[in-house]
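K.L.:
coords please:
(one chain, ligands or ions: 1)
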Amino acid sequence: MAIREIVPYTDKFLRKQSKPVSSFDEKLWELLDDMHETLNASEGAGLSAVQVGVLKRVFIIHINNMSIEFVNPVIIKKSGEQYKKEGCLSVPNTFNYVKRPQTVTVAAFDRYGNKFTLTCEDWTAVCLCHENDHLDGILFTDKICVPPKGKAED
Ligand code: ZN
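P.N.:
Purely as a prediction, here's the structure:
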């Protein structure tokens, strides 16, 4: 395993569209293992493959002692709204409010190609939407907003 270099927001590479994974092979597992190591070495809660220079539809999240891998994820349901301050390993020292759904359901594959669906809420839903945006070249800084009165959370 190895810690990989994080692509900074100034690099146009982050704006590229990631491509679906077609082989659930050792190359994918090595990527995922390296992504876990890279995320563990940082303060982040999530990391997408594009952030380590690989245009594959893959991201991981580390939240509340959970470590989850998503391959070819698709958000299939969203409800509610929340406003939390987000940051990004590719955008150092920047934290701002973004509007996200309160609850999201995602369909994805694990590293072996098994399909699963997962419903998450609160911070986990924020993180999942943030990482999923990376796969389409979208950064949280594109979505910064002023929360309505009384809706801002830290
Ligand atoms: Zn990010």
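K.L.:
what ranges do the strands span in this structure?
P.N.:
Per DSSP state E, the chain carries strands over the ranges 46-48, 58-63, 66-79, 82-88, 91-100, 103-109, 115-121, 152-153.
K.L.:
between those, which gets nearest to Asp25?
P.N.:
strand 66-79 (11.6 Å; C-beta to C-beta). Where C-beta positions appear, they are placed from N, C-alpha and C, glycine not excepted.
K.L.:
ok, Ala49 - contacts?
P.N.:
18, 31, 35, 55-59 (C-beta atoms under 8 Å, 6 or more residues apart in numbering).
K.L.:
list the contacts of the residue sitting nearest the centre point of the chain.
P.N.:
The centre of the chain sits closest to Glu131, judged by C-alpha atoms, centre = their mean, with a distance of 1.7 Å. Neighbouring residues of Glu131 by C-beta under 8 Å, 6+ apart: 46-48, 59-61, 70.
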